[in-house]
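# kindly return the folded structure for what I paste below:
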Amino acid sequence: MSARFEKLGWVVASASLAVGCGSEPIGTTPGSGTEGTGGTSGGDVAPADALEVEVSATHATYVALGVPAVVQESNAATATDWDLAFEGYDVLTNGGLSGPGAGSAFGPLSISVFAFPDQPVDVPFLIRDRAGGAFLGWYAYDGTTHTLYSRYHTYGVKSGGHLYKLQVLGYYGDVQGAPVSALYQLRYAEVTPDGSGDTVALTNVDGTLGETPDGPAPSSDAPGSCVSLATGTTLTLSPDDAANSTDWDLCFRRDAIGVNGEIGGPGDVAAVDLEAAATDGEMLADVKTRTADNQEASFDAVDYAALTAPDLEYRGDYVTSAFTDKWADLSVSPPVPAPGIGFLVVGADGQSRYLVAFNAFDGADDETPGTVHLGVQPAVSP
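As a prediction, the model looks like this:
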């Protein structure tokens, strides 16, 4: 993850609105040399505009989705005429930590959403660019029921001189007989060279930010729950309070789990997903069979050697978006777009909605996807 998005710079770029390419692209047919207005993906997907974006490994390129076009930026930190920024394998929106706009996104979604341009695209929440890290992939999303399922991965967490293993057991709590989202269930234990300590269970760690099913979306400064693993206590902190406190290790805000280190906070906390390599190959059907009981043995088996393996990279939080670790398959050489998926993007104006698909990379290497071929289609609001 490249660090330059912590301070968005500026770039002067030009674009060709001609083509998407690759197998069954979302957008126009290659070779027109003009703005895409037609074309389908194998006849099964609705028309979408196509756009080529030349992506640098060292500076950002900014895209306006309404045209669509690459735009010139003299001051991206204050401009709202761009919706997506590309640099290396980072894709960010114009909102949250990445820009002054009200942009956000959600995904991945099945590419089939492009086939129904007149139907609203309903997602459980929208993600503004934020601090994130090891816990980015903690859940699998069921788009049919809009439900999050824990992958039951075991995480290592370093806090000062202490080392812990931790599992997220669930995202839903029970309130007066009804399931409520963002009430986390967790278990963790301190681990030393002499073995594991007692397992601590935390129930209904409140990441709701005060949101209710029929109420408005929570404000960005709403307080959330932050946990100290050493004491097992929970603090209720606003983002500003958390940014100035070393009394917590992990914070919970809706679907996001933050780490008190790097840009996540002033603490000396870092984390790693011990099973990160398995994420891309995990099928939703298999994840849904996992429970706190049948995954307890895998948690218990994690020892000091597993948590201190030399290939593990413990980190705090960095700038992330809905696209982080999802839009490209970096496990192959050269990298390719993740297949069969699209993303819903809310533009910098906070109102415009688009479906975005990544059709192909030309000239990809370890540092950059080269030229990214996009398909862009307006989306209907729910």
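
# for the protein, what helix or strand is lowest in average pLDDT?
One helix or strand of the chain scores below all others by mean pLDDT, DSSP states H and E: strand 130-132, with a mean of 84.

# how about the helices in this structure?
239-242, 284-287, 296-301, 304-307 (DSSP state H).

# list the contacts of the spatially most central residue of the chain.
Using C-alpha atoms, centre = their mean, the residue of the chain that lies closest to the mean C-alpha position is residue 322, 3.5 Å off. Shown in contact with residue 322 (C-beta atoms under 8 Å, 6 or more residues apart in numbering): 93, 104, 105, 106, 107, 126, 127, 343. C-beta: built from backbone N, CA, C; applies to glycine.

# now do the same end-to-end measure for stretch 142-152.
End-to-end span of stretch 142-152 (C-alpha to C-alpha, to the nearest Å): 16 Å.

# typed the wrong thing, it's stretch 286-294
Taking C-alpha to C-alpha, the first and last residues of stretch 286-294 lie 12 Å apart.

# got it, and stretch 265-281?
End-to-end for stretch 265-281, by C-alpha to C-alpha: 32 Å.

# only the buried residues of it, if you could.
Under the neighbour-count criterion of 16 or more other C-beta atoms under 10 Å, stretch 265-281 has 265, 267, 269, 270, 271, 272, 273, 274, 275, 276, 279 buried.

# ok, the nearest residue to residue 219 once chain neighbours are set aside - contacts?
Leaving aside its sequence neighbours, residue 219 sits nearest to residue 209 (C-beta to C-beta, 6 or more residues apart in numbering; 8.0 Å). Residues in contact with residue 209 (C-beta under 8 Å, 6+ apart) are 182, 218, 219, 222, 223, 224, 253, 254.

# mind redoing it with 7 Å?
Neighbour list for residue 209: 218, 222, 224, 253, 254 [criterion: C-beta atoms under 7 Å, 6 or more residues apart in numbering].

# which ones among the residues you listed lie within strands?
Within the contacts of residue 209, residues falling in strands by DSSP state E are 224, 253.

# return a PyMOL selection command for the buried portion of the contacts of residue 209.
To isolate the buried ones among those in PyMOL, judged by 16+ other C-beta under 10 Å, type:
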select buried, resi 218+224+253+254
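
# out of the contacts of residue 209, who's nearest residue 77?
Closest approach to residue 77 among these (C-beta to C-beta): residue 253, at 23.8 Å.

# thought the closest one was touching residue 224?
Yes: counting by C-beta atoms under 7 Å, residue 253 touches residue 224, with 4.2 Å between them.

# overlap in contacts, the two.
207, 209.

# quick check: which ranges of this structure have low pLDDT?
Applying pLDDT under 70 to the chain flags residues 1-47, 74, 213-214.

# would you mind giving the domain segments of it?
The chain breaks down into these domains under automatic domain parsing: 3-122+332-378, 130-319.

# how many residues are close by residue 350?
Per other C-beta atoms under 10 Å, the neighbour tally for residue 350 reads 15.

# got a list of what it touches?
residue 102.

# residue 128 versus that one, what's the distance?
Applying C-beta to C-beta, to the nearest Å, the value for residue 350 to residue 128 is 10 Å.

# can you check residue 248 too?
Counting by C-beta to C-beta - residue 248 and residue 128 are separated by 21 Å.

# same thing with residue 249?
In terms of C-beta to C-beta, residue 249 sits 23 Å off from residue 128.

# so which of these two has more stuff around it?
Just comparing residue 249 and residue 128: by other C-beta under 10 Å the higher neighbour count belongs to residue 249, 28 against 22.

# got the contact list for the more buried one?
Shown in contact with residue 249 (C-beta under 7 Å, 6+ apart): 157, 159, 227, 228, 229, 260, 269.

# check which residues of stretch 353-371 are buried.
Buried residues in stretch 353-371 (16+ other C-beta under 10 Å): 353-361, 364, 368-371.

# return the subset of those lying in strands.
Among the buried residues of stretch 353-371, the ones falling in strands (DSSP E) are 353, 354, 355, 356, 357, 358, 359, 360, 361, 371.

# okay, the residues you listed in TSV with distance to residue 85 next?
Output for these, formatted as TSV (distance: C-beta to C-beta, whole Å):
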residue	distance to residue 85
353	18
354	15
355	18
356	13
357	18
358	15
359	19
360	20
361	17
371	16
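
# between the residues you listed, which is closest to residue 63?
Taking these together and measuring to residue 63 by C-beta to C-beta, the closest member is residue 356, at 9.3 Å.

# and the closest one, bridged to which residues?
Beta-bridge pairing for residue 356 (DSSP bridges): residue 343, residue 376.

# so it makes contact with residue 343?
Yes: counting by C-beta under 7 Å, residue 343 is a contact partner of residue 356 at 5.0 Å.

# so which of the helices of the chain is the most surrounded?
Highest mean neighbour count of these: helix 239-242, a mean of 17 (counted as mean count of other C-beta atoms under 10 Å).

# what packs against that one?
Packed against helix 239-242 by the contact rule (3 or more C-beta pairs under 7 Å, 6 or more residues apart in numbering; DSSP states H and E) you find no helix or strand.

# cutoff 8 Å now
strand 224-228 (3 or more C-beta pairs under 8 Å, 6 or more residues apart in numbering; DSSP states H and E).

# elements contacting the strand it packs on?
The elements that strand 224-228 packs onto, with contact taken as 3+ C-beta pairs under 8 Å, 6+ apart, are strand 200-206, strand 233-237, helix 239-242, strand 250-253.

# wait, which of these is closest to residue 71?
Of all the helices and strands packed on strand 224-228, helix 239-242 comes closest under C-beta to C-beta, at 29.7 Å.
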